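Asks: kindly generate the corresponding structure for this input.
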Amino acid sequence: MTPVLLLAAEKESAQVTDWAARIGWVVGLALFVALVYWLMREGWKWRGTLQGDLPELPVTPDDPGPARLTMSGRYHGSTTAGQWLDRIVAHGLGTRSRAELTLTDAGLDVVRPGADDFFVPVAQLREARLDKGIAGKVLTEGGLLVVTWAHGDRLIDSGFRSDHAAEHNEWVEALNSMIETNTREGAER
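Replies: A predicted model of the protein is given here:
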C-alpha cells in the first residue's frame, strides 16, 4: 500500500498558462499576417502602375451582329503573350471572374459580372489554342482556352475555361478560322 501513497505524493499540479505571452504571440502573428497582406496588395497596385501604358479596353459596339458561338465559364486572367506567369492587372484584366463569351463577326465580347467587361475586335485577334495553364491556374492538358490578341503595342493571352470543356475545340476552330479569314481579306486590300 505504500507505493500508491508515494505515487500520489509525487504528482504536481498542472502548470498555469502564461496568458500575457500567449496574447503577445497571437497579436504578433496577426500583425505579421496583416503586413504580408498589405505587401501583396501594394505589389498588385505597383504592377498595375507599371502597366499604365496599356490603353483603355475596347467596348462592345452597338450592333456586333448575330452570335456565332456563346460560352459560359470562368475568366482566369490575362498575361503577356507567351509568358504565362506575367499577369496583366491593368484595367481589371487580372481579376478572375465568371464570364460569358460571345463570338460575333465584329469580335469577341467578354461579359464579366462583378468585373469590367471588354471586347476584342476581330482585327485584333491573333490566335486561339488549348493550353494547360495561365498565371496561377494550371489544369489538365487542353483544359484552358487561350485567346491571343493585340492591345496597343502588346500581345495578350487571355485564359477562359468553359463550364463544358468539350466546347473548347469548337471555339479554337471558329476563332482561328475567323482570324485567318480576316487576315486574308486584309492582305487582299
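
Asks: helix, strand, or coil at Glu42?
Replies: helix (DSSP: H, G, I helix; E, B strand; the rest coil).

Asks: correction: Pro64
Replies: Strictly by three-state DSSP, Pro64 counts as coil.

Asks: which ones are touching it?
Replies: Thr102, Thr104, Asp105, Ala106, Gly107, Asp109, Phe119 (C-beta atoms under 8 Å, 6 or more residues apart in numbering). In short, each C-beta sits where N, CA and C put it, glycine included.

Asks: ok, now Gly82?
Replies: Counted by C-beta under 8 Å, 6+ apart, Gly82 has contacts Leu155, Asp157.

Asks: show me the strands in this structure, by range?
Replies: Ranges of strands within the chain are 67-80, 87-88, 97-104, 107-111, 118-121, 125-131, 133-134, 137-138, 144-151, 154-162, based on DSSP state E.

Asks: those strands: which one's closest to Pro55?
Replies: For the strands of the chain, proximity to Pro55 was assessed by C-beta to C-beta; strand 144-151 is nearest, at 6.7 Å.

Asks: parallel or antiparallel, list what pairs with the closest one.
Replies: Sheet pairing for strand 144-151, assigned by DSSP bridges, gives strand 125-131 (antiparallel), strand 154-162 (antiparallel).

Asks: and the last one, average pLDDT?
Replies: When you say that, I think you mean strand 154-162. Mean pLDDT, computed over strand 154-162, is 90.

Asks: what comes into contact with that strand?
Replies: By C-beta under 8 Å, 6+ apart, strand 154-162 touches 54, 71-82, 84, 88, 93, 99, 101, 110, 126, 131, 134-135, 137, 139, 143-150, 168, 171.

Asks: let's go with 6 Å and repeat that
Replies: The contact list for strand 154-162, computed with C-beta atoms under 6 Å, 6 or more residues apart in numbering, reads 71, 73-76, 78-79, 81, 134, 144-149.

Asks: circling back: now the strands paired with strand 144-151 in JSON lines, please, with extra columns for mean neighbour count and distance to Trp19.
Replies: As requested, the strands paired with strand 144-151 are arranged in JSON lines below (neighbours: other C-beta atoms under 10 Å; distance: least, C-beta to C-beta, whole Å):
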{"stretch": "strand 125-131", "mean neighbour count": "18", "distance to Trp19": "54"}
{"stretch": "strand 154-162", "mean neighbour count": "20", "distance to Trp19": "49"}
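
Asks: let me see the domain layout of the protein.
Replies: 17-50, 67-188 (automatic domain parsing).

Asks: alright, that wraps it up for me.
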